[in-house]
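Visitor: here is my input, please return the structure:
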Amino acid sequence: MTAGLYVHVPFCLTRCGYCDFNAYAGLGHLADRYVDALQREADLVAGEWRDERFASVFLGGGTPTTLEPSHLESLLVHFRDSFDIAPDAEITIEANPDTVDEPKLAAQRDAGYTRLSMGAQSFDEGVLLSLERVHSPDSVRRAFAAARAAGHDNVNLDLIYGAEGETLESWRRTLEETIELDPEHVSAYALTIEPATPLGREVATGRRPAPDPDLQADMFTLACELLGAAGYEHYEISNWAKPGRECVHNLGYWESRPYLGLGAGAHSYRADRRWWNLRPPQQYLDTVESGQQPTGGEELLTHDDRRLELVSLGLRTTRGLAVDDIDLAKVQPFLEVGLVIRSNGHLVITERGMLLANEVALALA
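Guide: Predicted coordinates for the structure are as follows:
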């Protein structure tokens, strides 16, 4: 069993109204201290992970590409010194299109980052404005071309559907533009309203409409149709990849493999224990700089917790669940209506079933 290493970088150019991640604008002055703290935290926990081999490293955020290329290189060098990272490990970095150019992308590639995940969200200017994204569709096109010129041959584009003002036809154009760029991987997420966000408060007070679930279902179906026809395999509810280009790191989460999280608010999991770091960046920095692990809390999973996670995570992917792990009497109604199928000794959710994945998982757990 191999592990994943997640590294959280909380800095952003701006904070979008829908975002519920641990991300902040205006904290770039902390970058040097933060990079040092990530390296110190790695040193503090390395001994506990000595027996794990890491198949993937994922720098997420926030926007990791707000850091200087020298920072990104030194982090990767330090992590390889601290942990047993496989020589062929997948090394992903998330990027905002406005934070990269060809020289920066080439430097990341030379430093060892093998996979680029870019937040495109939409190719509709109005949708980007609704999402409060600072980049334009042209920014995505330029950044993608720069990534190719810099040698990146494993690129993901992140998309969001169902924002205010987006129509099915607008979403179709975004999908078509995405397919035309020909990335190796596409992630497409339905916009969700988180109560604690500015958008969540506007929806709660009636100043903004909530996403239309029926329209989002149609958008999901359209994504399945167009991406499938373009040769992308729908291997997880929100993720499509060309053959052999599935995200190794995210598959680790869905397969319940251990993962270590470094950085403010990062989560870790191993041996039925889940724990997380202090969330405020300043508190995280102060704790690590004092020589202490920045643990903010933990939970031990019960048998029932593990059972529900096994089913709900397993059903998210087309690898599915081993039939032996499931009560077939509970499965039969879902088989009869085509929400799941049996394949090679596994129970696999269909694209129709993906629209009801949570309900199916709860019924089968």
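Visitor: contacts only, for Asp98.
Guide: 13, 134-135, 139, 143 (CB atoms under 8 Å, 6 or more residues apart in numbering). No exception for glycine: its C-beta is placed from N, CA and C like everyone else's.
Visitor: how close does it get to Arg142?
Guide: Per CB to CB, to the nearest Å, Asp98 is found 9 Å from Arg142.
Visitor: and Glu164, which of the three is it?
Guide: coil (DSSP: H, G, I helix; E, B strand; the rest coil).
Visitor: these two touch, right, it and Pro209?
Guide: Yes. Using CB atoms under 8 Å, Glu164 is in contact with Pro209, at 6.0 Å.
Visitor: so between these two, which is more surrounded?
Guide: Comparing Glu164 with Pro209 by other CB atoms under 10 Å, the one with more neighbours is Glu164, at 18 against 10.
Visitor: give me the buried positions along the longest helix along the chain.
Guide: For the chain, the longest helix by residue count, based on DSSP state H, is helix 213-229. Of all the residues in helix 213-229, those buried under the rule 16 or more other CB atoms under 10 Å are 215-216, 219-220, 222-224, 226-227.
Visitor: which one of these is nearest to Arg50?
Guide: Ranked by distance to Arg50 (CB to CB), these are led by Leu227 at 40.8 Å.
Visitor: now do the closest one against Lys242, distance only.
Guide: On the measure of CB to CB, Leu227 and Lys242 end up 10 Å apart.
Visitor: could you do Asp182 as well?
Guide: 9 Å.
Visitor: comparing these two, which residue is more hemmed in?
Guide: Between Asp182 and Lys242, counted using other CB under 10 Å, Lys242 has the larger neighbour count: 16 against 12.
Visitor: what's the residue nearest to the more buried one when sequence neighbours are not counted sitting at in phi/psi?
Guide: Residue nearest to Lys242 in three dimensions, not counting chain neighbours: Glu184, with 5.1 Å by CB to CB, 6 or more residues apart in numbering. Dihedral pair for Glu184: phi -80, psi -20, per degrees, to the nearest 10.
Visitor: I figured Glu184 hits Asn154, correct?
Guide: Yes. Using CB under 8 Å, Glu184 is in contact with Asn154, at 5.1 Å.
Visitor: look through this structure and report the residue furthest from the middle.
Guide: Ala329 (34.2 Å; CA atoms, centre = their mean).
Visitor: and it, how far is that from Phe144?
Guide: 49 Å.
Visitor: and if you look at Leu67?
Guide: To Phe144, Leu67 is 21 Å away according to CB to CB.
Visitor: isn't His346 right next to Val323, touching?
Guide: Yes. Between His346 and Val323 there is a contact at 6.4 Å, judged by CB under 8 Å.
Visitor: out of these two, which sits in the more crowded spot?
Guide: Set side by side, His346 and Val323 show more neighbours around His346, with 18 against 14, by other CB under 10 Å.
Visitor: could you give the bridge partners of the more buried one?
Guide: Ala322, Ser343 (DSSP bridges).
Visitor: outline the domain layout of this structure.
Guide: 3-254, 304-364 (automatic domain parsing).
Visitor: which SS class is the residue lying closest to Glu309 once chain neighbours are set aside?
Guide: Residue nearest to Glu309 in three dimensions, not counting chain neighbours: Ser256, with 6.5 Å by CB to CB, 6+ apart. Following three-state DSSP, we place Ser256 in the coil state.
Visitor: next up, the contacts around Ser256.
Guide: 269, 309-310, 313.
Visitor: now the strands for the stretch 51-200 of the chain?
Guide: Remark: strands assigned in the stretch 51-200 of the chain by DSSP state E, counting those that start in this stretch are 53-61, 84-95, 115-121, 155-161, 185-190.
Visitor: who wins for proximity to Gly47 among the ones you listed?
Guide: Among the strands of the stretch 51-200 of the chain, strand 84-95 sits nearest to Gly47 (CB to CB), with 12.2 Å.
Visitor: how much space between the residue nearest the centre of the chain and Thr114?
Guide: Centroid-nearest residue in the chain, with CA atoms, centre = their mean: Asn250, separated by 6.9 Å. Distance of Asn250 to Thr114, computed by CB to CB: 15 Å.
Visitor: same check, this time on Leu355
Guide: Distance from Leu355 to Thr114, by CB to CB: 33 Å.
Visitor: more neighbours, the two?
Guide: Using other CB under 10 Å as the criterion, Leu355 and Thr114 rank with Leu355 on top: 20 against 17.
Visitor: so that one sits against Asp218, correct?
Guide: No. Leu355 is not in contact with Asp218 according to CB under 8 Å; the separation is 10.4 Å.
Visitor: can you spell out which helices and strands pack onto the strand or helix carrying Tyr235?
Guide: Using DSSP states H and E, Tyr235 sits within strand 233-236. In terms of contacts (3 or more CB pairs under 8 Å, 6 or more residues apart in numbering; DSSP states H and E), strand 233-236 is packed against helix 213-229, strand 239-241, helix 248-254.
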